[in-house]
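Novice: model this:
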Amino acid sequence: METFTQVCGVAAPMMQINIDTDQIIPARYLGGTDAKGYGAHLFANARFLADGQPNPDFVLNQAPYDQAQVLLADRNFGCGSSRERAPKALREFGFRSVIAPSFGGIFFNNCFRNGLLPVTLPIEQVRQLADAVLQSQGRAEVAVDLHRQTVTLAQAGLAFAFAAPETLRQMLLQGVDEIDMTLARRDHIDAWRAQDRLRRPWAYTAPGPAPSTLPKP
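Specialist: Below you'll find the model as predicted:
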């Protein structure tokens with residue numbers, strides 16, 4: 001897994017509610033088994049015109065937002081289906097963090113497993129960030145720090161605290177998944193099993209072969 005500690009960069013304001021996973025990565029781009037290539041189709045329905053040309057009115061087609069590493073969104077971002085390719089597409093495009101008042105639950109968890117940090121802040125604070133970014137024409141950079149669990153926009157004097165689930169936070173900081181975290185405690189697991197073997201030896205005895213139910217020839 002990819003690690004994340006902090007990012008400071010351009011933030012793209014996309015202040016709409018209920019941006020679902022089909023808007024993030026339309027279903028027609030989900031075929032095949034390749035785990036990469038989804039960033040090219042991020043927000044395809046809004047990002048491209050009917051003839052395939054970039055939509056000049058879409059924020060991610062406008063400089064400097066086309067280089068954004070932070071996405072600012074409204075409530076219920078990532079709702080809809082559970083497709084993991086939604087956070088994959090955002091990460092491949094270049095985003096490292098999405099800041100919104102609320103997220104779809106499965107999308108939120110999938111972000112941590114794909115190198116993308118979802119940050120939950122009150123809508124008033126997200127709007128302050130978006131307003132400051134727009135007033136600076138995208139030049140004011142947003143900093144997201146997972147160690148300190150803070151979001152800052154120094155140019156506007158904004159600083160907000162957020163909370164991330166500790167297990168998911170550690171996974172992203174260390175770049176590990178649940179299996180890696182479990183194996184890191186192998187000494188404790190082995191010690192517990194040794195004690196348990198003394199308490200319940202019968203649980204560690206391999207069962208004998210099952211009696212045959214076939215009739216004798």
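Novice: give the contact list for Thr120.
Specialist: Listed by CB atoms under 8 Å, 6 or more residues apart in numbering, the contact set of Thr120 reads Ala100, Pro101, Ser102, Phe103, Phe162, Ala163. Every C-beta, even on glycine, is put in place using the N, C-alpha and C of the backbone.
Novice: Tell me the spacing between the third one and Phe108.
Specialist: Right, Ser102. 9 Å (CB to CB, to the nearest Å).
Novice: now, among the contacts of Thr120, which is nearest to Arg127?
Specialist: Using CB to CB, Pro101 comes nearest to Arg127 of the contacts of Thr120, at 9.3 Å.
Novice: Tell me, how many residues neighbour the closest residue to the closest one other than its chain neighbours?
Specialist: Distances taken as CB to CB, 6 or more residues apart in numbering place Ile123 nearest to Pro101, at 4.3 Å, with adjacent residues excluded. Counted with other CB atoms under 10 Å, residues neighbouring Ile123 total 14.
Novice: Which pLDDT value goes with Met181?
Specialist: On the pLDDT scale, Met181 is placed at 83.
Novice: what does the one 5 residues further on give?
Specialist: The confidence metric pLDDT takes the value 91 at Arg186.
Novice: Could you check how far it is from Asp57?
Specialist: Relative to Asp57, and taking CB to CB, Arg186 is found at 54 Å.
Novice: a markdown table for the contacts of Thr120, including neighbour count and pLDDT?
Specialist: Shown next, in a markdown table, are the contacts of Thr120 (neighbours: other CB atoms under 10 Å; pLDDT from 0 to 100):
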| residue | neighbour count | pLDDT |
| --- | --- | --- |
| Ala100 | 24 | 98 |
| Pro101 | 18 | 98 |
| Ser102 | 19 | 98 |
| Phe103 | 21 | 98 |
| Phe162 | 19 | 98 |
| Ala163 | 9 | 97 |
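Novice: got these as JSON lines, with distance to Arg75 and secondary structure columns?
Specialist: Formatted as JSON lines, the contacts of Thr120 follow (distance: CB to CB, whole Å; DSSP: H, G, I helix; E, B strand; the rest coil):
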{"residue": "Ala100", "distance to Arg75": "7", "secondary structure": "strand"}
{"residue": "Pro101", "distance to Arg75": "5", "secondary structure": "coil"}
{"residue": "Ser102", "distance to Arg75": "5", "secondary structure": "coil"}
{"residue": "Phe103", "distance to Arg75": "9", "secondary structure": "strand"}
{"residue": "Phe162", "distance to Arg75": "15", "secondary structure": "coil"}
{"residue": "Ala163", "distance to Arg75": "18", "secondary structure": "coil"}
